[in-house]
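Undergrad: Take this sequence and fold it.
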Amino acid sequence: MSKLNQKFRVEINEEEFLNSYTTIDYLYRLKEYAINTFEWLNLPSTVDARYIELQLFEQGRICFFKDKLIGYLALPVNEEGTQNVYDEFRNKRIYANNGFHRNRNLTNSVVIYNNFLRIPTYTTVNLYAIRLARVMRTIDINVEAQKTPILITCPENQKLALENVYKKYKGNSPVIYTDSEFNLDSIKVLKTDAPFVADKLTDYKHDLWNEVMTFLGVNNANQDKRERLVADEVGANDEQIEQARYNMLDARKEACRKINEMFGLNIDVKFRNDKVQKAYEQYKVYEMFPELKPEAGEEIEEAINNE
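TA: So this is what the prediction gives:
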């Protein structure tokens, strides 16, 4: 293999590495947001809260049960067998990566779901990680292209003279002298100017980031943007964020209720962010007593002032 081909192969591998690594980096960053949204309370010492959230993120479900030897556990599950009238599978095949496995059913185990669709967060987050990485790498390429090298072709016998001319040009010489044999007609110059679009791509990247933050239930609209939005747009964005938060939390709370009824425990789950948890509790009060809910305009104005 020639040195040129070796160099080309190294460059291709480097680009592939950067493409893949940027995607993985975004995926990990978004995953960190997702698995740290909720805080589990009063879990038995044998149950790992971090593992619960990891499985809900990646698989969309995890099964809580009691083992005779170990005690209470929450582990990955495959739901099998026939279904009841609510499409719940009667049989649960519970397993761990070390070979541990148990069989349970609807009467002695509870499946904790990530949301009411019972699907993982990973699918959507991975799509956004790919899109964000693609935009970021495009920005990298556009910034790199701003170096705008100048390609010059000339006869070999004029190469040294041309290099000396360019040095004087780069050195801001007001006058550049050449001999009478210097043939300008034999020189061809190609400028590789590229338009600068990194700023527009960065705006697009921020829009993508805000979209996935909304999906994860994380506040994302900055103050400048909120001031440009009309009240209806602010309210719609806030409603989407709240719906994403409450959908995931309500699914977890439903599992807590079933676990507590089945095993006589007092497990609970809440938002890790106290401000968000307080808003959720207020939301639940308004669900029970709609007459207490403030007018939409007052609610939006208060939300903007609290940002």
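Undergrad: Now do stretch 106-120: distance from first to last residue.
TA: 22 Å (CA to CA, to the nearest Å).
Undergrad: now do stretch 146-160
TA: End-to-end distance (CA to CA), stretch 146-160: 27 Å.
Undergrad: Could you check how far that stretch is from the centre of its chain?
TA: Distance of stretch 146-160 from the chain centroid (CA atoms, centre = their mean, to the nearest Å) equals 45 Å.
Undergrad: just so I have it, where are all the strands in the stretch 1-150 of the chain?
TA: 38-41, 61-67, 71-75, 77-83, 89-95, 101-105, 109-113, 150-153 (DSSP state E, counting those that start in this stretch).
Undergrad: can I get these in a markdown table with mean pLDDT?
TA: Listed next are these as a markdown table, based on pLDDT from 0 to 100:
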| stretch | mean pLDDT |
| --- | --- |
| strand 38-41 | 95 |
| strand 61-67 | 98 |
| strand 71-75 | 98 |
| strand 77-83 | 95 |
| strand 89-95 | 96 |
| strand 101-105 | 97 |
| strand 109-113 | 98 |
| strand 150-153 | 75 |
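Undergrad: okay, those strands in a markdown table with mean neighbour count next?
TA: Heads up, the C-betas are built off the backbone N, CA and C, glycines and all. Shown next, in a markdown table, are the strands of the stretch 1-150 of the chain (neighbours: other CB atoms under 10 Å):
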| stretch | mean neighbour count |
| --- | --- |
| strand 38-41 | 17 |
| strand 61-67 | 21 |
| strand 71-75 | 20 |
| strand 77-83 | 13 |
| strand 89-95 | 17 |
| strand 101-105 | 15 |
| strand 109-113 | 22 |
| strand 150-153 | 10 |
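Undergrad: Of all these, which one is nearest residue 159?
TA: Between residue 159 and the strands of the stretch 1-150 of the chain, the tightest spacing by CB to CB is seen for strand 150-153, at 9.2 Å.
Undergrad: now the helix or strand that that closest one is followed by: mean pLDDT?
TA: Using DSSP states H and E, the next helix or strand after strand 150-153 towards the C-terminus is helix 159-170. For helix 159-170, mean pLDDT rounds to 76.
Undergrad: residues making contact with helix 159-170?
TA: For helix 159-170, contacts defined as CB atoms under 8 Å, 6 or more residues apart in numbering pick out 152, 154, 176, 178-179, 182, 187.
Undergrad: Could you rerun that using 10 Å?
TA: Among residues not part of helix 159-170, those counted as contacts by CB atoms under 10 Å, 6 or more residues apart in numbering are 150, 152, 154-155, 158, 173-179, 181-183, 187.
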